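Novice: Please find the sequence and the predicted model below.
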Protein chains: 2
Amino acid sequence: VSGRIEPRTLKGFPDTLPAAARARARILRVVEGVFESFGYGPIDTPALEYAEILKGKGGDETDKQMFEFDDAGGRRVALRFDLTVPLARFVAQHQGSLVFPFRRYHAGPVWRGERPQKGREREFLQMDADLVGATGPAADAEVLQVFVSAYEAVGVGRFEVRLNDRRVLNSVLSAFGLAERATAVLRAIDKWDKVGPEGVRKEVLAAGAPADAAARVLSLEGCRGGSNEETLSRLEAVADPARREGFDATREVLSLLRAAGVDEARVRVDPLLARGLDYYTGVVFEAGLLDAPEFGSVGSGGRYDDLASLYTSTRLPGVGCSVGVTRLATALAEKGALEEDPGTDVLVTHPESGGAGPAFALASRLRRAGLRVETFPEPRKHGAQMRYADKRGIRFVATLDPDGSVQGKDLATSESFHAPAGGLAEELGRRRREAPSGGGAGA
Amino acid sequence: VSGRIEPRTLKGFPDTLPAAARARARILRVVEGVFESFGYGPIDTPALEYAEILKGKGGDETDKQMFEFDDAGGRRVALRFDLTVPLARFVAQHQGSLVFPFRRYHAGPVWRGERPQKGREREFLQMDADLVGATGPAADAEVLQVFVSAYEAVGVGRFEVRLNDRRVLNSVLSAFGLAERATAVLRAIDKWDKVGPEGVRKEVLAAGAPADAAARVLSLEGCRGGSNEETLSRLEAVADPARREGFDATREVLSLLRAAGVDEARVRVDPLLARGLDYYTGVVFEAGLLDAPEFGSVGSGGRYDDLASLYTSTRLPGVGCSVGVTRLATALAEKGALEEDPGTDVLVTHPESGGAGPAFALASRLRRAGLRVETFPEPRKHGAQMRYADKRGIRFVATLDPDGSVQGKDLATSESFHAPAGGLAEELGRRRREAPSGGGAGA
C-alpha cells in the first residue's frame, strides 16, 4: 500500500493492552460490586453534550480544558469533563421518572485537555457513585463509606482518604476576613501540596487578601496532625464561632463511619484539602496511595447542593464520589500488583493436515465444562502451535489422536498425559488443583 | 438561579436510565463471558484519534458520518466510527508486544452522524471480538461460533445470522461482467431489503452496469431459500467457474459450525448480504431478531484481510464480529424482556429522631452477609421511608427497636416479623427462598 499512515495515538489518549485491560476490568467489577451492595444502580449518559450544559458549572479552569467543537449541524458541543455535571443535568431532566433519594453509579471515560503527565491522561476512566436528594451527615457518611470500601475491596495496599468540609473552610476564612475572596483562596489552598506555602501565599495575596490574612491562611498548616478530633478542635479555635455547622457535621460523619465499622485510620481530617471544583458546598474528600504518593489523587468526591439548580427549580442536593480507575490501574501496575492471567486455559491444536472439525467439537465440549478454550485457527506445524501456547502463557495443550482420545501437555509441569476426550475436562481440573499455576508467562 | 439552562441531550445521544442500564450491563457481562470462553482478552483504545487514521478505510459514506474537528492544538481529530479500524491501527502499532494469532474483545461507544431513527442512535455501544493474524475457514468459523454463542447466551429469543462471502459475490459479479464495478454494485445489493429490487436496479444502472447485467443481479433473489447447500449450488451455477474459493470456504465454515455443535437453523446463507463497509474481503454476516425484524441488524461482522496494511507492511489479516449492544438492549426492552431488579434487597430505616449509628452498623452487618442494603439517608417520618421502599420495589424494610432487635416488613407478602439483629440476614434468606419475589415494582 502506498501512502501508508503511521499508526499512532494522540498524546494523552493511550491504548490499553490486554494485561492492563484485564486488571482494569477487574477493578471495575470489584468497585461495581461495592456500589451495588449499597443499593446504587447503573446509569449512562452520552459522551457528547451541549457545551452550555457541560460548562454550566465547574469553573473557568475546567471550562478551558474542555474538548469543545461545532458539530455538523452547527451545534456547540463538548466531551464531558466529569460524570458529576452530566448527573446534575440527568436528574433535572428525568426527575419525574426517578425515585428520590436517588442512588446511581456510572463508569465511563471523561476528557480533559490538561498537559499529560505521569498517571494523568486526557482521556481516562472514572467510576462515580452519587446520592441525590438527601442532605445531612448520614448521606455524606454513606458516600464516604462507599468510597473507602471501594479501595479496600480492590486491594490497593495502604491508602488514606483526606476529609474536609467547605463549611469548615468558609467558617475559618470568614474569621480571617476573607469570606468574599473564598473561591480564589480555596483554589490557592487546594494547591498546597503542589506549590508549597510560599506559592499559596502569593496566590492568596494575588486574590487581594491583606498580608496578615494571608499569614493566617498559612498558619492552617499548624492545624494538621494528631487525631481527627485534635485537628477539628484546633480549626474550631480559629473559626467563626457563629458558623459551626461544618464542625458538627464532620464529627457526626466520623461517628457514623465508626458505627459502620470503617477503619478509622483510613480517614484523616485535613484542613488544607479544598478541592478545586467550584460546585462543592459541604464535605470534600480525596484518596491517595500511601506507597505511591507520586500518583496524587486516585479518587475524590464531595457534596454539591446547588449543582442541579442550574437546570431545575426543584431542589436536588447531591453528594458523590469518583474512583479514578485509570490512574489507580496505572499505579497498581507500577507496583506489580496486576494479576497475570493469559485468559485461556486450554489450546486445542489444529491438525497440520487440516480438518479441524474434531478439534472444534472437543473445544465446545471443554467450554461447556467452564474452561476457556482456544482452537489454533490455522493448520500449522505442531511445534509452532506449542510455541504459541508457551508465549501466551496457556497452561494446557490438547491434541486429538486419530482414535479420538487426547494427548495432553501441561506446560506448567512439562508433563505429558493421555485422556479420553470425554474425561479431559476432569483431568485438567485435577491437575489445576494439584499444581496450581502461577498464571504463566502472560502476554 | 437566573439564567437556568434547559436540561436536554443532543438528538441521537440518549441517556440510559437505571432499568435499561442494568439490562445493558447484563448483556455486556454475558457476552464478555462468551468472548472469554473462547480465549479473547480485553483491550481498549481511545475514543478520539487522528482523523487521518480513522478515515483510512471504511468508505466515503462512513467518512461523511464521522464526528471530526480540530482540537485546541490544531490537530484534526475524530471520534471513532467503529471498533474495527482502531483495532487495525492498534495491532499495527503494538505488533511487537502482542502474540499472534491475537484474539481481543473490546466494548465501547462509537459515534456516527447518521439520521437518528428507531433503534439507531448517534452514540451507541458495540462489543467486538476479533481474531487477527490468521486466515482460512477455521478462523472464520470460530468467530461465527463466538457471534452465535453470544446471542444464544444473552437469550434474545429467535434470531438468525445471515452469512455470505465477498469472494462468492465477486465470483458471481465477475461472471456477470461487473468485476470492475463490484464496490458500487455490492453497496447497491446491500440495500436490497431496504429499497427493494427496483431500487437496487436503479443503483446498479447508475453505477454504469449494462441493463442485462443489472437484470442478472436482480435474479440473485431467486437463489434465496431452501437449505444452505441449495443456495450455494444455485449461486455456484451462475458464478465464475475459475473463482470457487469462496464457495469451498463457506462449505467448510458450515461444516466446522456443525462439528462445534452450533444449531444449523441459526445460520443461513444469503446471496443478497453484502455489508456496506469497504474493508471486507471474505466472509460477511449479520444478525437479526426474527420477532423484531424492524430493528434490522443487531450485530455483524466479517473478514478484512487488508485493513492493517494501511498502517504496516506486516501482513495482519483479521476476522471479527460486533454485537450491537445498544440496539439489542432497546429491542429486548420493547419485547418486555428486561429483568426487573430494584437493585436493593433491604432498606434499613433512619430513626425519625436522628442518630443513625445503629442503622449504619446493622447495614454493614447485612452487607457482609451478601445483601444489597440501603440506609435511608435522612431522619424522615417512618411512613415516608416505607413509601420510598414501596416505590423503589425494595422487598424488605428493617427498623431497629430500642433494644437492638429488628422489626421487619416483607413488602412482597405484607407480613411483619421480628428478629434479633444477628439473625436478620438468615431470616431474610429464609423468606426469599419460601416466597421468591417477582422483582418488585422497580424504578
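Specialist: All right, it came through fine. Numbering: from 1, shown residues only, chains lettered A, B, ... in the order given.
Novice: For the stretch 151-300 of chain A, just list every one of the helices.
Specialist: A:166-175, A:182-190, A:192-206, A:211-218, A:228-238, A:245-259 (DSSP state H, counting those that start in this stretch).
Novice: Check these for me and report the most buried one.
Specialist: helix A:166-175 (a mean of 22; mean count of other Cβ atoms under 10 Å in any protein chain shown). In short, each C-beta sits where N, CA and C put it, glycine included.
Novice: mind checking how far the one residue in the stretch 151-300 of chain A that gets nearest to chain B is from A:Pro137?
Specialist: Closest approach of the stretch 151-300 of chain A to chain B (Cβ to the nearest Cβ) occurs at A:Ala259, with a separation of 3.5 Å. Computed as Cβ to Cβ, to the nearest Å, the A:Ala259 to A:Pro137 distance reads 11 Å.
Novice: Repeat that for A:Thr45.
Specialist: 29 Å.
Novice: A:Asp306 too?
Specialist: Distance, A:Asp306 to A:Pro137, by Cβ to Cβ: 19 Å.
Novice: and these two? which has more neighbours close in?
Specialist: For A:Asp306 versus A:Pro137, neighbours defined as other Cβ atoms under 10 Å in any protein chain shown are more numerous around A:Pro137 (24 against 16).
Novice: Phi first, then psi, for the more buried one.
Specialist: Torsion angles at A:Pro137 (phi, psi; degrees, to the nearest 10) stand at phi -60, psi -30.
Novice: would you say A:Asp130 is within a strand?
Specialist: Yes. The assignment for A:Asp130 by DSSP: H, G, I helix; E, B strand; the rest coil puts it in a strand.
Novice: Look up how far B:Leu328 lies from it.
Specialist: The value you get for A:Asp130 to B:Leu328, if Cβ to Cβ is used, is 28 Å.
Novice: what do you get for A:Pro271?
Specialist: From A:Pro271 over to B:Leu328 the distance is 51 Å, taken as Cβ to Cβ.
Novice: between those two, which one's more packed in?
Specialist: Neighbour totals were compared for A:Pro271 and B:Leu328, and B:Leu328 leads with 28 against 22 (other Cβ under 10 Å).
Novice: correct me, but that one touches B:Ile27?
Specialist: Yes. With contact defined as Cβ atoms under 8 Å, B:Leu328 counts as touching B:Ile27 (6.4 Å).
Novice: what sits in contact with each of those two?
Specialist: Each of B:Val154 lies in contact with both B:Leu328 and B:Ile27 under the rule Cβ atoms under 8 Å, 6 or more residues apart in numbering or on different chains.
Novice: Does at least one residue of the helix or strand of chain A with the lowest mean pLDDT sit close to chain B?
Specialist: Of all helical and strand segments in chain A, the minimum by mean pLDDT, DSSP states H and E falls on helix A:60-64, at a mean of 81. No. Contact of helix A:60-64 with chain B (Cβ under 8 Å from any Cβ of the partner chain) is absent, the minimum separation being 8.8 Å.
Novice: Now the element after that helix, going C-ward?
Specialist: strand A:68-70 (DSSP states H and E).
Novice: Give the buried residues for that next one.
Specialist: Within strand A:68-70, the residues that count as buried by 16 or more other Cβ atoms under 10 Å in any protein chain shown are A:68-69.
Novice: quick one: average pLDDT of that strand?
Specialist: In this model, strand A:68-70 has a mean pLDDT of 95.
Novice: Also stretch A:334-352?
Specialist: According to the model, stretch A:334-352 has a mean pLDDT of 88.
Novice: And that stretch, what's buried?
Specialist: In stretch A:334-352, counting by 16+ other Cβ under 10 Å, buried: A:338, A:340-351.
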